[in-house]
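# no sequence for this one, just the structure:
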């Protein structure tokens, strides 16, 4: 696919999707949503980890309200169902570890895009903003699912009702993201993190994601059964054998991935 709104690179076992509309703070339009969806699915078949980040000084400002097609189309239900839902589901369901490297403001659906990832690393100058109430809408694109689970109902409700920005430091303290990093060391940090994942036991990561994602809707008994099934699967992989052998030989493991 010839990408127009994103830049896709593949290096050292991981793929990077860079939102590339810096002139509009990487706002999402129909084409960008389709390209993100395609890129996530394509990289999920060939890489061992994935990063989503933004060009310029913003991660993603959410829906492009200046897009003529958006203004002309008032069927927001269809847009969310047919365009946002497949994109968010592709990120959540991606078998690879997915890092959102939030290089600046993540507003509206930009926050949803970040929180759909497995790990969020943000610059200390980044903010997360749910400004939907300012234009008479509700938070969408999955954020009403992500936020209450990650930061609790009280904070999620306050963020949505008051439409006030949450700083990266607050987000890290609240458990909304993994870490807030000084701007000067931000890129080096997320590259270090994704490189670690790209050289790790990919099958184990697949199982970890599946187990943790399932836990929210399971009883303890159900979750124990999920763990048993997934651990049995992991125990049959070369990565498990290599990990044990490396431990016994006191050397770094050389995982081969899928």
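Looks like it came in fine. These numbers were taken from a predicted model, which means no experiment stands behind them. Numbering: from 1, shown residues only.
# Not including adjacent chain positions, what is the nearest residue to residue 151?
residue 174 (4.5 Å; C-beta to C-beta, 6 or more residues apart in numbering). Bear in mind the C-beta positions are built from the backbone N, C-alpha and C, glycine included.
# An error on my part: the question was meant for residue 108.
In this structure, residue 108 finds its nearest non-sequential neighbour in residue 62, 2.6 Å apart by C-beta to C-beta, 6+ apart.
# Ok, residue 5 next?
In space, residue 5 is closest to residue 32, 4.0 Å off (C-beta to C-beta, 6+ apart).
# same deal with residue 94?
Nearest to residue 94 is residue 44, by C-beta to C-beta, 6+ apart, at 4.8 Å.
# which residue ranges form the helices in the stretch 151-258 of the chain?
153-162, 168-174, 186-198, 202-215, 220-234, 238-249 (DSSP state H, counting those that start in this stretch).
# what sits against the residue nearest to residue 151?
Each residue near residue 174 by C-beta atoms under 8 Å, 6 or more residues apart in numbering is listed here: 150-152, 155, 166.
# ranking those by neighbours, who comes first?
Compared across these, residue 166 has the highest neighbour count, 23 neighbours, by other C-beta atoms under 10 Å.
# give me the beta-bridge partners of the closest residue to it other than its chain neighbours?
Leaving aside its chain neighbours, residue 166 sits nearest to residue 128 (4.6 Å; criterion: C-beta to C-beta, 6+ apart). Here residue 128 sits in beta bridges with residue 106, residue 166, as judged by DSSP bridges.
# these two touch, right, residue 128 and residue 106?
Yes: using C-beta atoms under 8 Å, residue 128 is in contact with residue 106, at 5.1 Å.
# The two: which is more packed in?
Using other C-beta under 10 Å as the criterion, residue 128 and residue 106 rank with residue 106 on top: 33 against 27.
# How much space separates the more buried one from residue 255?
Residue 106 sits 32 Å away from residue 255, going by C-beta to C-beta, to the nearest Å.
# residues contacting residue 143?
Taking C-beta under 8 Å, 6+ apart, one finds 109, 111-112, 115, 130 in contact with residue 143.
# which residues in the stretch 51-200 of the chain form strands?
Using DSSP state E, counting those that start in this stretch, the strands found in the stretch 51-200 of the chain span residues 58-60, 98-102, 105-107, 119-123, 127-129, 166-167, 179-181.
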